[in-house]
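> Next input, structure requested:
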Amino acid sequence: MQQTLLNPTDAQMLANPYGNFLWIDEDVDGILLQLHQRYMPRAVASFGGRNRNVFVMAGGYVVKLPKNFHGIADNDWEGSVSNTKESIDDPNEIQYPKTRLAYKDGVAIVFMEFIEALTSDAIVERFGHEPDWVFSVDGGQVGVNKNGRLVAYDYGLN
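This is a model prediction of the structure:
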């Protein structure tokens, strides 16, 4: 497995130009760094986004950690809307995965079931059509959970 480096130096990036690098942009009191240091070693894969870093865990879930203040707001929103009745019962509403929102020292952390990303073509092939709600998800970031349910997996505010 490829090592992930957090906030790498220029020398580290030059020594490993194809490495997996993640950054924390705004960390006033070191809480974000502590959270990253807690989850990063246990992750089987990691991805960096604009406002959050995502760690894929062995148990079939991901941990979304903010890397700046926008990421905190994204997590707070995503964790707040995920488990509504409409998300489960209404096929005309955006469908969200199972998600748990937790706070550590005021920082919102999202724990979400792992979602396998699908392209538009794959959605049509698998489901016969692309539901209208898919078009309202930024970047079409939708996929299926382990039960084959089509859901959005990235729907933060920013």
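
> Tell me the bridge partners for the residue nearest to E116 when sequence neighbours are not counted.
Closest residue to E116 apart from its sequence neighbours, by C-beta to C-beta, 6 or more residues apart in numbering: G143 at 4.8 Å. Where C-beta positions appear, they are placed from N, C-alpha and C, glycine not excepted. Beta-bridge pairing for G143 (DSSP bridges): A117, V151.

> G143: how many residues sit nearby?
20 (other C-beta atoms under 10 Å).

> just checking, it touches T119?
No: contact criterion C-beta atoms under 8 Å: G143 and T119 do not qualify, at 9.4 Å.

> Show the contacting residues for I94.
Shown here is I94, whose contacts under the criterion C-beta atoms under 8 Å, 6 or more residues apart in numbering are 87, 133, 136-137, 152, 155.

> any idea how far it lies from N83?
Using C-beta to C-beta, to the nearest Å, I94 is found at 13 Å from N83.

> Closest one to A108 out of the contacts of I94, please.
Y155 (14.1 Å; C-beta to C-beta).

> I'd say the closest one and Y96 touch.
Yes: Y155 lies in contact with Y96 (C-beta under 8 Å); the separation is 7.3 Å.

> Since that was my last question, I'll sign off now.
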